[in-house]
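Asker: show me the folded form of this:
(2 chains)
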Amino acid sequence: MKYVHTAQVQNKLNMRLIKNNISKIIFFLSTIFGLIMLGILIARVLIQGIDWINMDFITGKLSTQADKAGIMGAILGTFWLMVVVAPVTMFLGVGTAIYLELYAKKGRLQAIIQTNISNLAGVPSIVYGILGLTIFVRAMELGNIVFAGGLTMSLLVLPIVVVASQEAIRSVPQHLSEASYGMGATKWQTIKNIILPAALPGILTGAILSLSRAIGETAPLVVIGIPALLIPFPGGITDRFTVLPMQIYYWTLDSSLTAEYANLAAATIIVLLFVLLILNSAAVIIRNKFQKRF
Amino acid sequence: MNFKKYFVFFVLISFAMILTACGNDSKDEEGNKAKGKESNELEGSVAIDGSGTVYPLMSKLAEEYMVNEQENVSVEVSRAGTSAGFKKFLAEDGTDFNDASRQIKDEEAKKAEELGMEVKELKVALDGLTFVVHPDNDWATELTEKDLKKIFLKDENIEKWSDIDPEFPDEKINTYGPNENHGTYEFFYENILEEKDLVSDINLQQEYSTLVNLISEDVNGIAFFGFGYYVNNQDKLQAVHVDFGDGPVEPSIDTIAEDGDYAPFTRPVFTYLNVDQAKEKPQVLDYAIYVMNHVNEFAGETGFAPLPEEEVQEYVDFLEGLKE
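Answerer: The predicted structure is shown next:
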């Protein structure tokens, strides 16, 4: 006696296999689409810009003449911006995360704060630019200097650091802090000696990723008002400045005046991508190296 | 323990950075002190904002000044547009110069008065309002002044090219121009269209490069902007030859010059100087004098017609007079 109708099963099986293959192809194509776009972007930028990258371009001053223009000013501007953004976001971000995760009582207030931090992460960057223009540039009369730009950028990336730090703190095993309390440590001692060291890799990863976001952002700085031509190098956080993405923006726009500017923009994109690649790999390395310590 | 190491490291780095940052604070004060010294070396900064039309000329001048004259003066050139620039110029601690592709308005002059600010108008060059079309447009290469105005006026009800001339294609005219932030728009609206309403579907843009790209892809488009943006894009655009009554005139450095054949659409472009700042900050005055001495030198290559020498000399004399 036959329990299985081979023919019937075979018939249905074929259909299922076809469906399986179709879905496989659809999902493969979705994956490939993003990769192809990235490939086209990188190839185009490389072809257009690679010839323009040389020591003079990297270390030179800005110029209206395409063959003389350099981006050291923008690189230094980006550096000084990070000097402001890194400590400010680290302190405020980790502080917020510690409060929310370890001190705040679970309740309505905490839920409201939590929701709003998630909401902040979704606010368009240009809105932060308007905020920065109103508060730091105008009300505090800082002007369009590195410090004002840095504070604006810090606001922008703060939610990223807060959320990443919260995740990191939450993932520290409960038994570690319980052991600490068991030994008679206070809450702050436990946080300082047990929780933060254990959560540090996660926090650093979040911080580095937020920095790379800040390096690539343009919109808030457009609003704050970065000069289109600024030749001297910024020497500190009180100087006026320009950054790499702003230079890309201006050169792209001005390519209608001087066609070679488009190549300069491409070359600057390569430099910017390179910087971002380094930062993001640092984040990956830190994460992988310290991830499984417990 | 590990955390402590990280923490100390971070604190040290942040301190080192903040310290280096503070080292440069006193820069501007030194710039003002440099006045009395024997050498003519100046320091400090000069802030310029305003017209995007004048920007190519002013950024060129700024660069030449910094390379050849005063290496330690930082001339910062922005281009928010004439009207947006005036808002930054007419403020406490505003910008030192505002480039303008139109004259200062009465209300702006009043604002300056309220602030107790002395403003000097410096004419820097002549620009021709240029109408551009797609290179493949072979019908509207020559238009009369009247037809051009009709295209942009709401009340004329011109929708298709064929509404102007039955021989023109039966296609909708797409109009483009710079937006209200720009003096070019205001010049066109106030001086050429005499404040009559523009067609409602005109595509107004903040950036000139966007306009150039839009027109270079729209066979039925027509746009207006400063001559400089046409000169640098002659491969992508074609300028409409305008007939003011004595036959079509092509806009060029020669025709847009003083008393040239393109004169009805020619306008002076300016930069406005905050005289109080110039008296207070030697680098601002020095830069102003440099600008007026060299403006004709760079006008041509940036797409402007030069001013008569005597007129320029008058400005230089005025500025020299501000020196104590």
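
Asker: need the contact list for whatever residue of the stretch 201-324 of chain B ends up closest to chain A.
Answerer: The stretch 201-324 of chain B approaches chain A most closely through B:S209 (3.6 Å), counting by C-beta to the nearest C-beta. The C-beta positions use only the backbone N, C-alpha and C, and glycine is treated the same way. By C-beta atoms under 8 Å, 6 or more residues apart in numbering or on different chains, the residues touching B:S209 are A:252-257.

Asker: which one of these is nearest chain B?
Answerer: Distances from chain B to the contacts of B:S209, taken by C-beta to the nearest C-beta, are shortest for A:S256, at 3.6 Å.

Asker: and the gap between the nearest residue to that closest one once chain neighbours are set aside and B:K236?
Answerer: Leaving aside its sequence neighbours, A:S256 sits nearest to B:S209 (C-beta to C-beta, 6 or more residues apart in numbering or on different chains; 3.6 Å). From B:S209 across to B:K236, the span is 11 Å (C-beta to C-beta, to the nearest Å).

Asker: pLDDT below threshold where in the stretch 1-150 of chain A?
Answerer: Scanning the stretch 1-150 of chain A for pLDDT under 70 picks out A:1-2.

Asker: so which bits of it are right by chain B?
Answerer: A:63-65, A:80, A:83, A:86-87, A:90, A:141, A:143 (C-beta under 8 Å from any C-beta of the partner chain).

Asker: what do you get if the cut-off is 7 Å, keeping everything else the same?
Answerer: A:63-64, A:83, A:87 (C-beta under 7 Å from any C-beta of the partner chain).

Asker: these in helices, which ones?
Answerer: A:83, A:87 (DSSP state H).

Asker: and the residues of the stretch 1-150 of chain A next to chain B, which two are furthest apart?
Answerer: Farthest-apart pair in the residues of the stretch 1-150 of chain A next to chain B is A:T64 and A:P87; separation 35.5 Å (C-beta to C-beta).

Asker: doesn't B:T82 make contact with B:S51?
Answerer: Yes. Between B:S51 and B:T82 a contact is recorded at 4.5 Å, counting by C-beta atoms under 7 Å.

Asker: neighbour count winner among these two?
Answerer: B:T82 (35 against 31; other C-beta atoms under 10 Å in any protein chain shown).

Asker: quick one: contacts for the more buried one?
Answerer: By C-beta atoms under 7 Å, 6 or more residues apart in numbering or on different chains, the residues touching B:T82 are B:50-51, B:100-102, B:182-183.

Asker: out of the residues you listed, which sit inside strands?
Answerer: Judged by DSSP state E, strands contain the following of the contacts of B:T82: B:50, B:100.

Asker: domains of chain A?
Answerer: Domain ranges of chain A: A:6-52, A:57-290, per automatic domain parsing.

Asker: most tightly surrounded among those domains?
Answerer: domain A:57-290 (a mean of 19; mean count of other C-beta atoms under 10 Å in any protein chain shown).

Asker: can I get the contacts of B:T82 in TSV including distance to chain A and pLDDT?
Answerer: Below are these laid out as TSV (distance: C-beta to the nearest C-beta, whole Å; pLDDT from 0 to 100):
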residue	distance to chain A	pLDDT
B:G50	11	91
B:S51	12	90
B:A100	16	93
B:S101	15	89
B:R102	20	89
B:H182	14	86
B:G183	17	85
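
Asker: near chain B, which residues of the stretch 151-294 of chain A?
Answerer: A:196-197, A:200, A:225, A:227-232, A:235-240, A:253-258.
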